[in-house]
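S.K.: Next come a sequence and a model predicted from it.
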Amino acid sequence: MNFFRPLLCLGLLLPYMLLSGCKDKNAIRVYRVSKVEASGESAPKSNEMQSASGESGAAASVQLPQVAGNPPAHWEARPLSTMRQASYLVKGANGTTADISLVLLAGTAGGVLDNINRWLSQLGQPEITAEQLAKIAGHVASPLGDVTVVDLEGLPEGADAAKDGRIVAGIISGDSVSFFFKMRGNAALAAAQKAAFLEWIGTVRPAAGKSVQLHP
(Lines give C-alpha, C1' and ligand atoms only; values in the text may rest on other atoms or scores of the structure.)
Protein backbone atom coordinates (compact mmCIF):
# COMPACT_ATOMS: atom_id res chain seq x y z
CA MET A 1 0.00 0.00 0.00
CA ASN A 2 2.87 2.38 0.84
CA PHE A 3 4.37 1.58 -2.54
CA PHE A 4 1.38 3.05 -4.44
CA ARG A 5 1.03 6.25 -2.37
CA PRO A 6 3.94 8.17 -4.09
CA LEU A 7 2.60 7.14 -7.47
CA LEU A 8 -0.84 8.42 -6.52
CA CYS A 9 0.58 11.79 -5.43
CA LEU A 10 2.58 12.07 -8.64
CA GLY A 11 -0.55 11.33 -10.65
CA LEU A 12 -2.41 14.12 -8.91
CA LEU A 13 0.41 16.66 -9.35
CA LEU A 14 1.19 15.94 -13.00
CA PRO A 15 -2.02 17.44 -14.52
CA TYR A 16 -1.58 20.57 -12.38
CA MET A 17 2.04 21.01 -13.59
CA LEU A 18 1.04 20.57 -17.23
CA LEU A 19 -1.85 23.01 -16.91
CA SER A 20 0.39 25.66 -15.34
CA GLY A 21 2.97 25.26 -18.10
CA CYS A 22 0.34 25.68 -20.82
CA LYS A 23 -0.99 28.85 -19.23
CA ASP A 24 2.44 30.46 -19.28
CA LYS A 25 3.16 29.35 -22.82
CA ASN A 26 -0.10 30.71 -24.23
CA ALA A 27 -0.17 33.97 -22.25
CA ILE A 28 -1.20 36.96 -24.39
CA ARG A 29 1.19 39.94 -24.37
CA VAL A 30 -0.12 43.33 -25.40
CA TYR A 31 2.22 45.87 -27.04
CA ARG A 32 1.11 49.47 -27.41
CA VAL A 33 2.27 51.58 -30.39
CA SER A 34 2.10 55.36 -30.14
CA LYS A 35 0.25 57.34 -32.83
CA VAL A 36 3.53 58.90 -33.93
CA GLU A 37 5.08 55.46 -34.54
CA ALA A 38 1.97 54.21 -36.32
CA SER A 39 1.82 57.18 -38.65
CA GLY A 40 5.50 57.08 -39.60
CA GLU A 41 5.78 60.74 -38.82
CA SER A 42 9.28 62.17 -39.26
CA ALA A 43 9.92 64.30 -36.21
CA PRO A 44 12.77 66.64 -35.35
CA LYS A 45 15.65 64.88 -33.65
CA SER A 46 15.51 64.36 -29.87
CA ASN A 47 18.01 67.13 -29.20
CA GLU A 48 15.83 69.50 -31.23
CA MET A 49 12.81 68.53 -29.14
CA GLN A 50 14.88 69.16 -26.02
CA SER A 51 15.97 72.61 -27.14
CA ALA A 52 12.37 73.49 -27.81
CA SER A 53 11.27 73.03 -24.23
CA GLY A 54 14.35 72.96 -22.05
CA GLU A 55 13.98 69.27 -21.20
CA SER A 56 13.43 66.13 -23.22
CA GLY A 57 9.80 65.15 -23.71
CA ALA A 58 8.35 68.35 -22.26
CA ALA A 59 7.22 69.58 -25.68
CA ALA A 60 4.53 66.92 -25.80
CA SER A 61 2.94 68.21 -22.55
CA VAL A 62 2.69 71.85 -23.70
CA GLN A 63 -0.74 73.03 -24.86
CA LEU A 64 -0.31 73.96 -28.52
CA PRO A 65 -2.64 76.38 -30.33
CA GLN A 66 -5.36 75.26 -32.73
CA VAL A 67 -5.21 76.55 -36.30
CA ALA A 68 -7.36 76.38 -39.43
CA GLY A 69 -6.71 76.80 -43.16
CA ASN A 70 -8.18 76.46 -46.64
CA PRO A 71 -6.58 73.55 -48.51
CA PRO A 72 -7.25 72.96 -52.23
CA ALA A 73 -10.28 70.78 -52.95
CA HIS A 74 -8.21 68.10 -54.72
CA TRP A 75 -6.02 67.43 -51.68
CA GLU A 76 -7.23 64.29 -49.90
CA ALA A 77 -7.52 64.68 -46.13
CA ARG A 78 -5.60 62.00 -44.26
CA PRO A 79 -5.84 60.76 -40.64
CA LEU A 80 -4.08 63.02 -38.16
CA SER A 81 -1.39 61.85 -35.77
CA THR A 82 -0.17 63.08 -32.40
CA MET A 83 2.09 65.58 -34.16
CA ARG A 84 0.07 66.59 -37.21
CA GLN A 85 -2.58 69.30 -37.11
CA ALA A 86 -3.14 68.92 -40.84
CA SER A 87 -2.41 66.02 -43.18
CA TYR A 88 -3.14 65.64 -46.90
CA LEU A 89 -2.24 63.45 -49.86
CA VAL A 90 -2.17 64.70 -53.44
CA LYS A 91 -2.07 62.27 -56.37
CA GLY A 92 -0.63 62.79 -59.83
CA ALA A 93 -0.22 60.79 -63.03
CA ASN A 94 1.32 57.32 -63.14
CA GLY A 95 0.90 56.68 -59.42
CA THR A 96 2.87 59.71 -58.24
CA THR A 97 2.02 61.16 -54.82
CA ALA A 98 3.02 63.93 -52.43
CA ASP A 99 2.44 64.01 -48.69
CA ILE A 100 1.51 67.35 -47.09
CA SER A 101 1.51 68.15 -43.39
CA LEU A 102 1.44 70.85 -40.76
CA VAL A 103 3.25 70.04 -37.52
CA LEU A 104 3.32 72.24 -34.42
CA LEU A 105 5.98 71.90 -31.74
CA ALA A 106 6.60 73.87 -28.56
CA GLY A 107 9.46 76.36 -28.58
CA THR A 108 12.01 76.82 -31.35
CA ALA A 109 12.22 73.04 -32.04
CA GLY A 110 15.81 73.34 -33.27
CA GLY A 111 15.39 76.51 -35.32
CA VAL A 112 15.14 77.14 -39.04
CA LEU A 113 18.60 76.11 -40.27
CA ASP A 114 18.83 72.86 -38.30
CA ASN A 115 15.45 71.67 -39.57
CA ILE A 116 16.21 72.57 -43.17
CA ASN A 117 19.45 70.62 -42.93
CA ARG A 118 17.45 67.71 -41.50
CA TRP A 119 15.21 67.83 -44.57
CA LEU A 120 18.24 67.97 -46.84
CA SER A 121 19.60 64.83 -45.17
CA GLN A 122 16.26 63.09 -45.84
CA LEU A 123 16.86 63.77 -49.54
CA GLY A 124 20.45 62.58 -49.38
CA GLN A 125 21.84 66.11 -49.75
CA PRO A 126 24.65 67.83 -47.79
CA GLU A 127 24.02 70.46 -45.16
CA ILE A 128 24.10 74.16 -45.96
CA THR A 129 25.23 77.20 -44.01
CA ALA A 130 23.19 80.18 -42.84
CA GLU A 131 24.71 82.21 -45.67
CA GLN A 132 23.65 79.64 -48.26
CA LEU A 133 20.17 79.46 -46.75
CA ALA A 134 19.74 83.23 -47.12
CA LYS A 135 20.34 82.87 -50.87
CA ILE A 136 17.78 80.11 -51.48
CA ALA A 137 15.04 80.89 -48.95
CA GLY A 138 11.80 82.64 -49.84
CA HIS A 139 9.12 84.12 -47.60
CA VAL A 140 5.34 83.89 -47.41
CA ALA A 141 3.19 86.22 -45.32
CA SER A 142 0.55 84.43 -43.25
CA PRO A 143 -1.83 85.30 -40.40
CA LEU A 144 0.59 83.39 -38.14
CA GLY A 145 3.60 85.46 -39.16
CA ASP A 146 6.43 85.40 -41.71
CA VAL A 147 7.09 81.91 -43.09
CA THR A 148 10.57 80.97 -44.33
CA VAL A 149 10.13 78.75 -47.40
CA VAL A 150 12.60 76.41 -49.15
CA ASP A 151 12.39 74.20 -52.22
CA LEU A 152 14.77 71.23 -51.90
CA GLU A 153 15.39 68.50 -54.45
CA GLY A 154 17.19 65.16 -54.28
CA LEU A 155 16.43 61.46 -54.43
CA PRO A 156 17.97 59.40 -51.63
CA GLU A 157 19.43 56.01 -52.47
CA GLY A 158 16.76 53.34 -52.78
CA ALA A 159 13.86 55.81 -52.67
CA ASP A 160 10.77 55.50 -54.86
CA ALA A 161 10.82 58.40 -57.32
CA ALA A 162 7.03 58.21 -57.58
CA LYS A 163 6.77 59.24 -53.93
CA ASP A 164 9.98 61.13 -53.23
CA GLY A 165 12.51 63.52 -54.72
CA ARG A 166 11.44 66.96 -53.58
CA ILE A 167 10.57 68.80 -50.35
CA VAL A 168 8.84 72.17 -50.41
CA ALA A 169 8.56 73.41 -46.85
CA GLY A 170 7.97 76.42 -44.66
CA ILE A 171 8.92 77.23 -41.06
CA ILE A 172 7.81 79.74 -38.47
CA SER A 173 10.18 79.39 -35.52
CA GLY A 174 8.95 81.20 -32.42
CA ASP A 175 10.01 81.12 -28.80
CA SER A 176 6.69 79.64 -27.69
CA VAL A 177 5.65 77.55 -30.69
CA SER A 178 7.01 76.60 -34.12
CA PHE A 179 5.09 75.68 -37.26
CA PHE A 180 6.38 73.25 -39.89
CA PHE A 181 4.61 73.15 -43.27
CA LYS A 182 5.94 70.33 -45.43
CA MET A 183 5.21 68.79 -48.82
CA ARG A 184 7.33 65.79 -49.76
CA GLY A 185 6.81 63.64 -52.81
CA ASN A 186 7.50 63.05 -56.47
CA ALA A 187 9.68 65.89 -57.75
CA ALA A 188 7.51 66.90 -60.71
CA LEU A 189 4.25 66.61 -58.77
CA ALA A 190 5.58 68.63 -55.83
CA ALA A 191 6.78 71.31 -58.24
CA ALA A 192 3.35 71.42 -59.87
CA GLN A 193 1.66 71.72 -56.46
CA LYS A 194 4.05 74.35 -55.12
CA ALA A 195 1.84 77.34 -55.90
CA ALA A 196 -1.18 75.70 -54.24
CA PHE A 197 0.97 74.72 -51.26
CA LEU A 198 2.22 78.28 -50.73
CA GLU A 199 -1.29 79.63 -51.14
CA TRP A 200 -2.51 77.21 -48.47
CA ILE A 201 0.25 78.35 -46.09
CA GLY A 202 -1.03 81.90 -46.51
CA THR A 203 -4.51 80.86 -45.32
CA VAL A 204 -3.47 79.05 -42.13
CA ARG A 205 -4.60 81.11 -39.15
CA PRO A 206 -5.60 80.72 -35.50
CA ALA A 207 -8.84 78.79 -35.10
CA ALA A 208 -11.96 80.85 -34.44
CA GLY A 209 -11.77 82.64 -31.12
CA LYS A 210 -8.15 81.58 -30.58
CA SER A 211 -4.84 83.42 -30.71
CA VAL A 212 -1.26 82.34 -31.32
CA GLN A 213 1.59 83.77 -29.26
CA LEU A 214 4.94 83.15 -30.92
CA HIS A 215 6.96 84.95 -28.25
CA PRO A 216 6.37 84.92 -24.46
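M.R.: Looks like it came in fine.
S.K.: Make sure residue 111 is actually in contact with residue 175.
M.R.: No - counting by C-beta atoms under 8 Å, residue 111 does not reach residue 175; the two are 11.0 Å apart. For the C-beta atoms, the positions are set from N, CA and C on the backbone; glycine is no exception.
S.K.: where are the low-confidence patches of the chain?
M.R.: 1-63, 209-216 (pLDDT under 70).
S.K.: Let me see the ranges of the helices in it.
M.R.: 4-25, 35-39, 46-53, 111-122, 130-136, 187-192, 194-201 (DSSP state H).
S.K.: still on that earlier bit, more neighbours, residue 111 and residue 175?
M.R.: residue 111 (16 against 13; other C-beta atoms under 10 Å).
S.K.: Counting neighbours, what do you get for the nearest residue to that one once chain neighbours are set aside?
M.R.: Among residues not flanking residue 111 along the chain, residue 173 sits closest, at 5.5 Å (C-beta to C-beta, 6 or more residues apart in numbering). Around residue 173 there are 23 other residues, counting by other C-beta under 10 Å.
S.K.: ditto for the one 5 residues further on
M.R.: Neighbouring residues of residue 178 were enumerated by other C-beta under 10 Å; the total is 26.
S.K.: ok, the residue lying closest to it once chain neighbours are set aside to residue 115 distance?
M.R.: In space, and not counting its chain neighbours, residue 178 is closest to residue 109: 4.3 Å by C-beta to C-beta, 6+ apart. As for residue 109, its distance to residue 115 is 7 Å (criterion: C-beta to C-beta, to the nearest Å).
S.K.: got the contact list for the residue lying closest to residue 76 once chain neighbours are set aside?
M.R.: Leaving aside its chain neighbours, residue 76 sits nearest to residue 89 (4.7 Å; criterion: C-beta to C-beta, 6+ apart). The neighbours of residue 89, taking C-beta atoms under 8 Å, 6 or more residues apart in numbering as the test, are 75-76, 78, 97-100.
S.K.: sorry, back to before: who has more neighbours, residue 109 and residue 115?
M.R.: Ranked by neighbour count (other C-beta under 10 Å), residue 109 and residue 115 place residue 109 first, with 28 against 24.
S.K.: returning to what we had before: surely the residue nearest to residue 111 meets residue 116?
M.R.: No - using C-beta under 8 Å, residue 173 is not in contact with residue 116; the gap is 10.6 Å.
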